[in-house]
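Engineer: Quick one: sequence and predicted model below, then my questions.
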Amino acid sequence: MESKRYLCLDFGGSGIKYGIFRAENPETLFQQETRGVCKNTFRDQAEFRAAVEALIRENLAACPDISGIAVSYCGELNDQTGRIHSPGAYPYNRNLDMKVWLEKTFLLPVSVQNDGNAAMLAEWKFGSLKGMRDAFMLVLGTGVGGSLVIDGHLHAGRNGFSGMLSVAIRSLGGEAAPENMIMSACGSGYLAETYMAQCVALGIPVPDQGAFQGWEFFEKANAGDELALQVLRQYCRQVTHLIINLHQTLELEGIAIGGGISAQPLLIERTSAITDCEGLAMELENTSGLDQEIEATQKEIDTVVEQNRRLIREQAVTGMPTEEFDARAAMLNERYKKADEKLARLKAEREDHLTRGKGIRRFLSALDAQPQNLEDWDEQAWNLLVSRVIIRRNGCVEFVFRGEITITVRAA
């Protein structure tokens, strides 16, 4: 079968990423042949249209056999008609019929999809979420998008707006205002704006605020700028809390992170580690199952004590033979002993869970104050997180973490 090429356009807050992709058929993973970026400096829809048309013509000239155009757009839209309802980072594009416009202009089939759903379809079909029936795609960029698969089906919602997290309220006690929305805590603007504000507060010279972008922030963070790393630590904690809330609400098999910010190794390393620690702490602190067992075991002890009292009264009133009394008393004593031992074990286990949970919380608090990357764990962290280490005869070493997550390090 002859391979086909498609021009793919990803409209994000900072600009338009584009590339030509090739595949033998739609069931195989597409291979990227070219790539480029067009920065978002457009002042109105006329400039936007002119830039997009010029970009497409340039790619068609370089590759005349393009079979279609695929669009990923950072806003709410109708994926059937291609009409944009919420224009995202391009405010002048409200009600723009992008599919009609591009098909009429270039006489090629055009597919238009929300960026979160586009990312989900890629990860779900070919990537880290492949085969999962319940999963979420979190897209971190200028805004915060998402896409949800439930029971093996993409869930776009009645009006196609499912997963639009940017305008979700992040504090239940706060106002429904922009500063209290998820975008203000997990969008790239948080990083640049918070860094700038702290520089001003500390009297550190800063560039023009409107010109300072997210990529410049990560340049500073990757260069070891301690203030930038401090802002990044808080950002990662906020993203972690969002991930935990998504999982607790939906009980997912997996969550993938995409978007421009996700390309930064600092983000993934730190967010993944903090998520693991936060999740483990929450699991340890949730003692509801143990509490139920403790309550049931205490009731068993109370029942045995009451039955023993009744037995003594019965023996006193009826003159029960000593042999019968001793046999029944021995059975009650054995029940009491087992229940008492079980109660002591359950209480000790509950206390151990809470102690380890507090220890992880202390570790996370200490982490916030430390400039080092998370892989520089100390003895306290390993004692809290690692259950056992197994050294195999073939030289492999298995680290078994609490929660039975296993990492195998193979011999060189």
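Structural biologist: It's in. Numbers count the residues shown, from 1 in each chain.
Engineer: With adjacent residues omitted, what lies nearest to residue 340?
Structural biologist: Among residues not flanking residue 340 along the chain, residue 301 sits closest, at 6.3 Å (C-beta to C-beta, 6 or more residues apart in numbering). The C-beta positions use only the backbone N, C-alpha and C, and glycine is treated the same way.
Engineer: For residue 311, see how far away that neighbour is.
Structural biologist: 16 Å (C-beta to C-beta, to the nearest Å).
Engineer: how does the protein divide up, domain by domain?
Structural biologist: Domain ranges of the chain: 4-118, 128-285, 288-376, 378-412, per automatic domain parsing.
Engineer: Distance from the chain centre to the third one, please.
Structural biologist: Spelled out, it's domain 288-376. 37 Å (C-alpha atoms, centre = their mean, to the nearest Å).
Engineer: pLDDT of that domain, averaged?
Structural biologist: What domain 288-376 shows for mean pLDDT is 83.
Engineer: and the domains of the chain, which one's lowest on average pLDDT?
Structural biologist: Looking across these, the weakest by mean pLDDT turns out to be domain 378-412, at a mean of 59.
Engineer: dump the residue contacts of the residue sitting furthest away from the middle of the chain.
Structural biologist: What lies farthest from the middle of the chain is residue 319; by C-alpha atoms, centre = their mean that is 70.1 Å. With contact set as C-beta atoms under 8 Å, 6 or more residues apart in numbering, residue 319 has no partners.
Engineer: now residue 53
Structural biologist: Going by C-beta under 8 Å, 6+ apart, residue 53 touches residue 105.
Engineer: Ramachandran angles for it?
Structural biologist: Main-chain dihedrals, residue 53, degrees, to the nearest 10: phi -60, psi -40.
Engineer: on that earlier part again, from the contact counts, what lies against the helix or strand hosting the residue nearest to residue 340?
Structural biologist: If you go by DSSP states H and E, residue 301 is part of helix 288-318. Secondary-structure packing of helix 288-318 (3 or more C-beta pairs under 8 Å, 6 or more residues apart in numbering; DSSP states H and E): helix 322-368.
Engineer: So which elements touch the helix it packs on?
Structural biologist: Counting contacts by 3+ C-beta pairs under 8 Å, 6+ apart, helix 322-368 packs against helix 226-250, helix 265-285, helix 288-318, helix 379-385.
Engineer: Could I get the contacting residues of residue 67?
Structural biologist: By C-beta under 8 Å, 6+ apart, the contact set of residue 67 is 4, 5, 6, 108, 109.
Engineer: Is it part of a helix or strand, or is it coil?
Structural biologist: Judged by DSSP: H, G, I helix; E, B strand; the rest coil, the three-state class of residue 67 is strand.
Engineer: do the one 4 residues further on as well
Structural biologist: Three states are possible here, and by three-state DSSP the one that applies to residue 71 is strand.
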